[in-house]
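1. after the sequence you'll find the predicted model.
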Amino acid sequence: MTVVPDAKPMIEIRDVHKYYGDYHALRGIDAVINAGEFFSLLGPSGCGKTTLLRTIAGFEDISSGAILIDGKDMHEVPANQRPTNMVFQSYAIFPHLTVEQNVGFGLRRDPRPAAEKAKAVAEALAMVGLTGFGARAAHALSGGQRQRVALARALILKPKVLLLDEPLSALDKKMRETMQEELIKLQRQVGITFILVTHDQEEALVMSDRIAVMFEGEIAQLDDPETLYRRPNSRRVAEFIGVMNFVPGKVLSESGGTIELDVQGLGRCAIAASQAPAGGKPTGETSVGFRPETLTILYEGQTAGDRECQGTIAEVVYYGDMTYYDVKLDGVEEPVRLSMRNVPGRPVLDLGARTRIAWSPGALVLFR
Amino acid sequence: MKFSWLRVYSWLYLVFLFAPVFLLPLFAFNEGTIIAFPLQGFSLRWFAALLDNQSLHEAVGNSLTIAVTVAVASTALGIFAARAATRYDFRGKGAMIGLIMLPLVMPEVILAVALLVVFLQIALPLGMVAIILGHILVCTPFCIAILNGAFLSLDKSLEEAAYDLGETRMSTFRLIILPLVMPGIISSLLIAFIISLDEFIMAFFVGGTTVTLPIYIFSQLRFPAGLPVIMALGTILVCLSILLLSIAEYFRRRGVARTGAKDTGGFL
């Protein structure tokens, strides 16, 4: 876990369990989320990520464990008194109110004079790029605009933590990418801790400082995006985030921080111990993973010495900037996926073509 | 236009539905005492007769008191039930909802007899209060059915958002839920009011000596000379109904426009 130096913990989640009747939704969650961090809860639907977010917001009780926000135990503190605000998946814009009334809703109990509140609303609208939209009826807004209203409405109370429940899932691809960048900028600008729930691994990688990958009510891995992508600690995490190829491998020996491997189709090599799962030494038959972009097709005149293998193109998928190939490596049963950036001097290969492929031991990940 | 049986059917249906209603004003403004064609000239004397009919005024007064009370009470009960049915999960919820909706399909005459027995047993005097209780029993299932729809279309996260923004459960209900289900509440009030206003069986069984409008009209049918007066009364009632419906529809459309919801057609 990479912890930013002198980072102050904002949320501490200690062995949190949640039961719905017999259903064990959260199974001992432990995590520390730092102040000012953009933190994501990533996982497939039903993994408990939304439940965890809702327990932080106070919409759900926890069955055991503790949640601390800014050092204070949130046990018995109702949602309307927690220093958190939420952006809902459906945005939950009040349809009978104007944009202004929506954004200013949380200020109703604020003792400040009306003129100051109106100024705060105008500032919040400006922050999300909706200046001049104040008098509009909220229901007449587009999806992206609703999203912004929901953000302004949640941020106007200056919460210590902003909770976002799949906020971009209802937007189309282009709008989603725009909002991703805007959310990152906004988070840097306000400096508030953001916790984002998403099932979209790409979204999590793009936006987060750290990501907790959840399966079946447990955190499978908590790391920064790069570590998560390059060194997933289990096949399941590896498969959930991006694409990873798996081939059978055999551990030959292990000594002094290096592991000797015999990888099917690729051959013998030595890798660093950090490329193997933490805890317990891998021995015997294992599974070896590598990402598609770590394989490179070798064109005429290119060589990679003994880091070279041969294969047959089994599938070609052309994406414009990239081409994805499924390659049947000699000596490996399942085809592996390989991606090449389409730059001059790299013609797209035909189906059934024989090719030489370069690989790199540093990109291999060993799994149990 | 092409001849089509469907068109013929539609027109016949509409004639069947509305011909009696058009006959009402026809005979209400008719000079003659006998309800028959040919008409015998224009007259307002039947309307004049309505003005100084003490027992009619009393019946109308009774009916209005009952209908307003019943509309408010059954709508309130309906709000509680619909809210519980759409937002909370509890043991035996299905059975509970089924049971409170049961009066909807029970023969009303059975309900009325049973209620009469109960009232006599607990020594509740027959009259206005008894009719009100009986009508609440009849109207509440209708109100629940209407309000259920209104509460179902309410996104749960709206409530959570208001609560999250610092409001209490009560103020959330007042500021968010109530305005959004208002069209449903208006429909519910209207339906309960109309059902109660023309309900006959229950009022007849448990009303004792209290006379409501339907009971009064029924009692007048024995006197042929009184019929044109009833026609005049009916004409006024039809006009009032149309007015009431128009007002309700106006408020419903305004509510729909304000929240940008999809217009689902009728006020029900």
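-> Perfect, I can see it now. Just so we're clear, the structure is a prediction, and the values are computed from it rather than from any experiment.

2. just the mean pLDDT for stretch A:297-311, thanks.
-> The average pLDDT within stretch A:297-311 is 87.

3. which other residues reach that stretch?
-> With contacts defined as Cβ atoms under 8 Å, 6 or more residues apart in numbering or on different chains, stretch A:297-311 is touched by A:265-267, A:269, A:296, A:325, A:327-330, A:336, A:338, A:340, A:345-347, A:349, A:354-361. In this view, the C-beta of every residue, glycine as well, is placed from N, C-alpha and C.

4. which ones among those residues are found in strands?
-> A:267, A:269, A:296, A:325, A:327-329, A:336, A:338, A:340, A:354-358 (DSSP state E).

5. got the domain boundaries for chain A?
-> For chain A, automatic domain parsing gives the domain ranges A:9-237, A:243-367.

6. mean neighbour count and distance to B:Phe251 for the ones you listed - can I get that in JSON lines?
-> Output for the domains of chain A, formatted as JSON lines (neighbours: other Cβ atoms under 10 Å in any protein chain shown; distance: least, Cβ to Cβ, whole Å):
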{"stretch": "domain A:9-237", "mean neighbour count": "19", "distance to B:Phe251": "13"}
{"stretch": "domain A:243-367", "mean neighbour count": "15", "distance to B:Phe251": "55"}
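
7. rank the ones you listed by pLDDT, which is bottom?
-> Note on these: domain A:243-367 shows the lowest mean pLDDT, a mean of 89.

8. and the end-to-end length of it?
-> Using Cα to Cα, to the nearest Å, the end-to-end distance of domain A:243-367 comes out at 15 Å.

9. one more: stretch B:99-113?
-> With Cα to Cα, one end of stretch B:99-113 sits 19 Å from the other.

10. who in chain B is up against chain A?
-> B:155, B:157-158, B:160-168, B:176, B:179-180, B:258-261 (Cβ under 8 Å from any Cβ of the partner chain).

11. is A:Ile11 bridged to anything, and to what?
-> Beta-bridge partners of A:Ile11, counted by DSSP bridges, are A:Ile33, A:Ile69.

12. now do the contacts for it.
-> So A:Ile11 contacts A:31-33, A:56, A:67-69, A:161, A:193, A:195 (Cβ under 8 Å, 6+ apart).

13. looking from chain A, tell me which residue of the stretch 1-150 of chain B is nearest.
-> B:Asp89 (10.4 Å; Cβ to the nearest Cβ).

14. what is the burial count for B:Leu17?
-> Number of residues near B:Leu17 (other Cβ atoms under 10 Å in any protein chain shown) recorded here: 9.

15. and residue 124, what does it touch?
-> No chain was given, so I picked chain A. Here A:Ala124 is in contact with A:103, A:152-153, A:155-156 (criterion: Cβ under 8 Å, 6+ apart).

16. sorry, should have said chain B
-> Contacts of B:Leu124 (Cβ under 8 Å, 6+ apart): B:130, B:133.

17. the same query, at a cut-off of 7 Å, please.
-> B:Ala130 (Cβ atoms under 7 Å, 6 or more residues apart in numbering or on different chains).

18. on that earlier part again, doesn't the residue of the stretch 1-150 of chain B closest to chain A lie inside a helix?
-> No - per DSSP: H, G, I helix; E, B strand; the rest coil, B:Asp89 lies outside any helix segment and is coil.

19. and it, how close does it get to B:Val109?
-> For B:Asp89, the distance to B:Val109 equals 36 Å [Cβ to Cβ, to the nearest Å].

20. and the helix or strand hosting B:Ala49, what does it pack onto?
-> Assignment of secondary structure by DSSP states H and E places B:Ala49 within helix B:45-51. Here helix B:45-51 touches helix B:227-259, going by 3 or more Cβ pairs under 7 Å, 6 or more residues apart in numbering or on different chains; DSSP states H and E.
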